[in-house]
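> sequence below, structure please.
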Amino acid sequence: MASLRRINQDDLRNHNLSVVIDTLLRASGPMSRADLAKETGLTKATMSLLVSLLIDAGVVKEGEPQNSASYGRPSTPLMLGGGKVCGIGMQVNTDGYGCMALDINHDILRHEWVDADMSGVEPDVVFGKLDAMAKAMAEDLESKRCIIAGVSCALPGLVTSDKRLLMARNLGWENVDLTTFDVMRGYDVTPCNEAKLAAIAQIPGYACARADVFDGVDCADSFLYLSCDIGIGGAVGLLIASIGLNTSGLAAAGEDGSFINFSDKSVQLGLIGLAIALLLTYLKITVNGRTYKIKGALLISIVLTTIIGIPMGVTVLPENIFTRGALASIGNVAFQVDILGALKLSFVPFIIMLLINDFFGTLGTGLAMAGKAGLLDEDGNFPAFGKVFLVDSSATILGSLFGITTVSCFAESAAGVESGSRTGLSNLSTAFFFLLCMLFSPLFLMIPGAATGSALIVVGISMLETLRDVDFSGSEFLPVAVMLLVTAYKGDYVAGIALGMFTYLVVSVIRALVNRDAKYVPQWPAWVLGVLMVLYFIF
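So this is what the prediction gives:
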């Protein structure tokens, strides 16, 4: 009976300790012993004992005493101490995997993430690497006498309570028993759907501190979690593939009513070029355990398709390779702009139309290229977007001074990104070779549309991979679906982005009304974009 009583006392004390820690976790600021006793319903004597235990363990620390009144003893604020108790979060996503150790003070103790293409990767390989990563992290934390309170794992799929991953379509996984992996058993990992964990993390007073802005919202209240930071890349990819299909003649109907006129030599060459581009792009060669992709696959496919088109009569060889009078006409158009003449009231609608079209075009292209290049942050944002707009606007102005076609961001830039372009050096190289093209225009003009169109189709297909991050089981697919449908119907991804933005605003307002909380209403930059969208369709 004595041992049983001891067990009951220990359980009761541990329960009370957890109540105190939980109360401090959910508090919007430090609390005194008296505040804790009042909030938890425990006696002051019990609270004093519990707080002493937590301070000795380093879980709770004391602040400077504060005088709350002109009489009585100063109260000592209590707050959670960092570095003593933590949790480990693991994640498997479409773009990689990793672990993070976070203490109860919301400080990141250790973080490790591996960027990787997860398509076709087997679960045992991924969880094996997570096991090694978690072991190294746990050993480091234990050496610092930091207690690991629990481990969770966020997965992009349906997870059951018995730790079974029913499906993760974006990873190509189905019916995976998670208990078979060492990392899941060794740390008693709690797996869960990533969107569900993200929603839990937003609940005030549950997974995060109850800040003042959340007053009136309880952890048990219902709310809507919406994520819409992806999808633009898919819309741009759809447009690029559509351009490629039309350029190569693979989307043109035949005279007999068939979808494609296969008797056309250009169409035949387009099919050959598409086969070559797909083969070279996705062909992988393994040598000594290392896998290699063909460098410059799209460029090689364009050259090969152009050569094949010569005997087919599609590629027409030029009489000479040099441009006659390439620079002679520049003086007739350069610096001939009439800025004051354009500042007329009747031109204002056209100026607004061009401004909005270029703005949305740059926005969509920039986000799509950044997503394809892996330059977006964890929230789906592009931190360097200001530089993109600066370069784009500067190039547009300088280009107009020279009287040439508008210089701006174009979706065809995806071809460079697909080939590995990530820095400004590649852009300078592209500009240099474009300059050379002015001197050898007959040589480049002989390249048939079947060659370039096939390359664009492959690039467009690769851009669609951003859609694998869309959770089609939730509401986040609505803005994405609108972007894709409008882009496919109108062949204009600018219009798709604009209507997708409108859909996002509508969904956000509905969310705010359902939750009766204005914090769900988008901030003013989003409404500015909404106004620009309206103007775009007006003009």
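> make sure I have this right: I88 is in a helix.
No - secondary structure assignment places I88 outside any helix; it is strand (DSSP: H, G, I helix; E, B strand; the rest coil).
> against I108, how distant is it?
In this structure, I88 lies at 11 Å from I108, with CB to CB, to the nearest Å as the measure. In short, each C-beta sits where N, CA and C put it, glycine included.
> E194 and Y97: what is the separation?
When CB to CB is applied, the distance between E194 and Y97 equals 12 Å.
> overlap in contacts, those two.
Listed contacts common to E194 and Y97 are Q91; contacts here mean CB atoms under 8 Å, 6 or more residues apart in numbering.
> quick revisit: who's more crowded, I88 and I108?
Residue environment comparison for I88 versus I108 gives the larger neighbour count to I88, 23 against 10, counting by other CB atoms under 10 Å.
> quick one: the helices in the stretch 301-450 of the chain?
When secondary structure is read from DSSP state H, counting those that start in this stretch, the stretch 301-450 of the chain shows helices at 330-333, 339-342, 348-373, 385-401, 414-418, 424-439, 441-445, 449-463.
> most tightly packed of those helices?
Using mean count of other CB atoms under 10 Å, the stretch among these with the greatest mean number of neighbours is helix 449-463 (a mean of 25).
> name the helices or strands packed onto that helix?
Judged by 3 or more CB pairs under 8 Å, 6 or more residues apart in numbering; DSSP states H and E, the packing partners of helix 449-463 are helix 232-247, helix 265-282, helix 297-312, helix 348-373, helix 414-418.
> what average pLDDT does that helix get?
Helix 449-463 shows a mean pLDDT of 78 in the predicted model.
> on that earlier part again, residues that sit against both of I88 and I108, list them.
Any residue near both I88 and I108 by CB under 8 Å, 6+ apart counts here, and that gives 100-102.
> any quick ChimeraX command for the buried ones out of those?
Selecting just the buried residues from the shared contacts of I88 and I108 in ChimeraX takes one command, with 16 or more other CB atoms under 10 Å as the test:
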select :100,101,102
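> so M118 versus C153, what's the distance?
The spacing between M118 and C153, counted by CB to CB, is 15 Å.
> so between these two, which is more surrounded?
Here M118 and C153 are set side by side on neighbour count (other CB under 10 Å), and the busier one is C153, at 28 against 20.
> quick check, the more buried one in contact with G87.
No - C153 lies out of contact with G87 (CB atoms under 8 Å); the separation is 11.6 Å.
> which residue is the nearest non-sequential neighbour of G82?
The spatially closest residue to G82, leaving aside those adjacent along the chain, is N105, at 3.4 Å (CB to CB, 6 or more residues apart in numbering).
> ok, that neighbour touching L80?
Yes - using CB under 8 Å, N105 and L80 qualify as a contacting pair, with a distance of 5.0 Å.
> out of those two, which sits in the more crowded spot?
Between N105 and L80, counted using other CB under 10 Å, the more crowded position is L80 (21 against 18).
> in the sheet, who's paired with that one?
The residues listed as beta-bridge partners of L80 by DSSP bridges are V60.
> and it, what pLDDT?
The score at L80 is 79. That number is its pLDDT.
> thinking it is in contact with A57, fair?
No - with the criterion set as CB under 8 Å, L80 and A57 do not qualify as a contacting pair; they are 11.5 Å apart.
> just the helices in the stretch 101-250 of the chain please.
Taking DSSP H, counting those that start in this stretch as the criterion, the stretch 101-250 of the chain carries its helices at 123-143, 182-186, 194-201, 232-247.
> pLDDT below threshold where in the stretch 51-200 of the chain?
Per-residue confidence for the stretch 51-200 of the chain (pLDDT under 70) gives these ranges: 67-73.
> repeat that with 90
The stretch 51-200 of the chain contains residues with pLDDT under 90 at 51-87, 93-96, 102-123, 134, 138-150, 156-175, 179, 182-190, 192-200.
> same check, this time on the stretch 251-400 of the chain
251-303, 313-400.
> check contacts around V337.
400-401, 403.
> nope, F181 is what I meant
Per CB under 8 Å, 6+ apart, neighbours of F181: 123-124, 127-128, 131.
> can you check A297 too?
For A297, the contact set (CB under 8 Å, 6+ apart) comprises 277, 280-281, 283, 419.
> closest to L345 out of the residues you listed?
Nearest to L345 among the contacts of A297, counting by CB to CB, is S419 at 46.5 Å.
> state the distance from N170 to M184.
Distance check for N170 against M184: by CB to CB, it reads 20 Å.
> ok, now L428?
If you measure L428 against M184 using CB to CB, the figure is 48 Å.
> show me the beta-bridge partners of V159.
Beta-bridge partners recorded for V159 (DSSP bridges): L165.
> and it, how many neighbours?
Number of residues near V159 (other CB under 10 Å) recorded here: 23.
> re the thing from before, now distance to V391 too, for the contacts of V337, in TSV please.
Rendered in TSV, the data for the contacts of V337 read as follows (distance: CB to CB, whole Å):
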residue	distance to V391
S400	15
L401	16
G403	20
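> closest to N320 out of those residues?
Using CB to CB, the shortest approach to N320 within these belongs to G403, at 26.2 Å.
> thought the closest one was touching Q336?
Yes - with contact defined as CB under 8 Å, G403 and Q336 form a contacting pair (5.8 Å).
> who has more neighbours out of those two?
Here G403 and Q336 are set side by side on neighbour count (other CB under 10 Å), and the busier one is G403, at 14 against 10.
> per-residue pLDDT, that one?
At G403, the pLDDT value in this model is 72.
> the one 5 residues further on too?
Among the per-residue scores, S408 holds a pLDDT of 70.
> distance of it from F335?
Using CB to CB, one obtains 20 Å as the distance from S408 to F335.
> ok, L278 next?
Here the criterion is CB to CB. By it, L278 lies 46 Å from F335.
> more crowded one of these two?
It is L278, of L278 and F335, that has more neighbours when counted by other CB under 10 Å, with 16 against 9.
> quick one: contacts for the nearest residue to I294 once chain neighbours are set aside?
If you skip the residues right next to it in sequence, I294 has L280 as its closest partner in space, 5.2 Å away by CB to CB, 6+ apart. With contacts defined as CB under 8 Å, 6+ apart, the neighbours of L280 are 294, 297-298, 300-301.
> this completes my enquiry, with thanks.
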